[in-house]
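S.K.: Sequence first, predicted coordinates after that:
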Amino acid sequence: MREIALHVMDITENGITAGSDIIHILIDENRIKNLIKVVIRDYGKGMSPEFLRSATDPFVTTRTTRRIGLGLSLWKEAAKRCGGDFSIESEPGKGTVVTATFRYDHIDRAPMGDIAGTITILMAGNPNIDFVYDHVIDGKRFTIDTRELRGNFEDPLTDPALLFHLKKHIERELKKLAGNE
Amino acid sequence: MAKMSIEDLKRIKGKTSKETSLRTGAASIKITVHMGTCGIAAGAREVMNTLMEEMAQADRQDIRVVASGCMGMCSSEPNVTVETKGEKSVVYQKMDSNRMRQVFKRHVLLGEVQTDFALARI
């Protein structure tokens, strides 16, 4: 995966497959602490302690189409090779929290990439799932909560033109947070 | 704090030039972009991005787009399935933005299956 944003999309899809109706995505970039932290939380079916132990093994998967599952393994390796850390907490029936950290200035750290595209495409492809997207850059926070969008907006959130504007909006806000504008 | 406010939403709504359509009615065409780890790594997000652009232009209310997981054919990802009511589904392989545009314009809008990129009818 060439971008952190692509991993975020991949791990979020896991939460959707686990039957969660809402997913929390937190991205905390801290250039002062030289750290990026990504937390993806779902409220799906969770994993048993036995399965959890082997969840990042590429030869362990729940899917039936193939015997290989690479999503979590790749994510873990991406964090580990950037001087970061990786953890999964999970409880059957409660959900799963996947946390990965990266050293911000590590030469091998993938760029954040098109996170605005990731978020809007997750919304487009999963109209029945709610997303809470929290992006913090050096302590300044930007949040999108699709439950709020739904409550105050007459059109469905899958509308392509709306999502296009939402994507631009996220890109602008992130630029502001990063102080590039 | 930059929380998305209702005012922001209304502003976005104002900018949305086209009459937005409720996609809750009966869909006659369903387009599935397979977004497992394999699909995402191979470029499924860009394919989906292009598809959304085309959707915005076409403004058809009977077309639905969904994301799904890996279908087990990882080496031919990104895969896209086009299901038309009353016809066999067509799975397209090794999709990119250009192929997606072609499939959307020819197959989805005009009904011509693009056999060059088709992997299977199921």
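M.R.: Here it is on my side, so go on. Numbers count the residues shown, from 1 in each chain, chains lettered A, B, ... in the order given.

S.K.: The lowest-mean-pLDDT helix or strand in chain A vs chain B: in contact?
M.R.: Lowest mean confidence among the helices and strands of chain A (mean pLDDT, DSSP states H and E): helix A:146-151, at a mean of 86. Yes. Contact between helix A:146-151 and chain B, assessed by C-beta under 8 Å from any C-beta of the partner chain, occurs at A:148-149. Quick note: C-beta positions are derived from backbone N, CA and C, even for glycine.

S.K.: same for the helix or strand following that helix, what does it pack against?
M.R.: With elements assigned by DSSP states H and E, the helix or strand that comes after helix A:146-151 is helix A:160-178. Contact partners of helix A:160-178 among helices and strands, from 3 or more C-beta pairs under 8 Å, 6 or more residues apart in numbering or on different chains; DSSP states H and E: helix A:115-125, strand A:130-137, strand A:140-145, strand B:2-3, helix B:6-15, helix B:44-58.

S.K.: a markdown table for those, including mean neighbour count, mean pLDDT and distance to B:V33?
M.R.: Output for those, formatted as a markdown table (neighbours: other C-beta atoms under 10 Å in any protein chain shown; pLDDT from 0 to 100; distance: least, C-beta to C-beta, whole Å):
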| stretch | mean neighbour count | mean pLDDT | distance to B:V33 |
| --- | --- | --- | --- |
| helix A:115-125 | 24 | 95 | 7 |
| strand A:130-137 | 20 | 98 | 17 |
| strand A:140-145 | 18 | 95 | 22 |
| strand B:2-3 | 15 | 56 | 30 |
| helix B:6-15 | 14 | 62 | 24 |
| helix B:44-58 | 22 | 94 | 5 |
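
S.K.: Which among the ones you listed is found nearest to A:F59?
M.R.: With C-beta to C-beta as the criterion, A:F59 lies closest to helix B:44-58 of those, at 23.3 Å.

S.K.: going on from the host helix or strand of B:N98, what's the next piece of helix or strand?
M.R.: Element membership of B:N98, judged by DSSP H and E, is helix B:97-102. Helices and strands here follow DSSP H and E; after helix B:97-102, the next one along the chain is helix B:109-110.

S.K.: Kindly reformat the helices and strands packed on helix A:160-178 as CSV containing distance to B:L110.
M.R.: As requested, the helices and strands packed on helix A:160-178 are exported to CSV (distance: least, C-beta to C-beta, whole Å):
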stretch, distance to B:L110
helix A:115-125, 23
strand A:130-137, 34
strand A:140-145, 36
strand B:2-3, 43
helix B:6-15, 30
helix B:44-58, 11
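
S.K.: To A:E171, which of those lies closest?
M.R.: Closest approach to A:E171 among the helices and strands packed on helix A:160-178 (C-beta to C-beta): helix A:115-125, 4.7 Å.

S.K.: what angle do that closest one and strand A:140-145 make?
M.R.: Using axes from the mean of the first three to the mean of the last three C-alpha atoms, to 10 degrees, the inter-axis angle of helix A:115-125 relative to strand A:140-145 is 10 degrees.

S.K.: Using PDB, write out the CA atom coordinates for helix A:115-125.
M.R.: Taking only C-alpha atoms (Å, rounded to 0.1, in the frame of the first residue of the first chain), the coordinates of helix A:115-125 have been written out as PDB:
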ATOM      1  CA  ILE A 115      -7.500  10.700   3.000                       C
ATOM      2  CA  ALA A 116     -10.400  12.900   1.800                       C
ATOM      3  CA  GLY A 117     -10.900  10.400  -1.100                       C
ATOM      4  CA  THR A 118     -10.800   7.500   1.400                       C
ATOM      5  CA  ILE A 119     -13.400   9.000   3.700                       C
ATOM      6  CA  THR A 120     -15.800  10.100   0.900                       C
ATOM      7  CA  ILE A 121     -15.500   6.800  -1.000                       C
ATOM      8  CA  LEU A 122     -16.200   4.800   2.200                       C
ATOM      9  CA  MET A 123     -19.300   6.900   2.500                       C
ATOM     10  CA  ALA A 124     -20.300   6.300  -1.100                       C
ATOM     11  CA  GLY A 125     -19.800   2.600  -1.000                       C
END
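
S.K.: Is it in proximity to chain B?
M.R.: Yes. Contact of helix A:115-125 with chain B is found when judged by C-beta under 8 Å from any C-beta, involving A:117-118, A:120-122, A:124-125.

S.K.: is it possible to export these to CSV including distance to A:F142?
M.R.: Conversion of the residues of helix A:115-125 next to chain B to CSV gives the following (distance: C-beta to C-beta, whole Å):
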residue, distance to A:F142
A:G117, 16
A:T118, 14
A:T120, 14
A:I121, 18
A:L122, 16
A:A124, 20
A:G125, 22
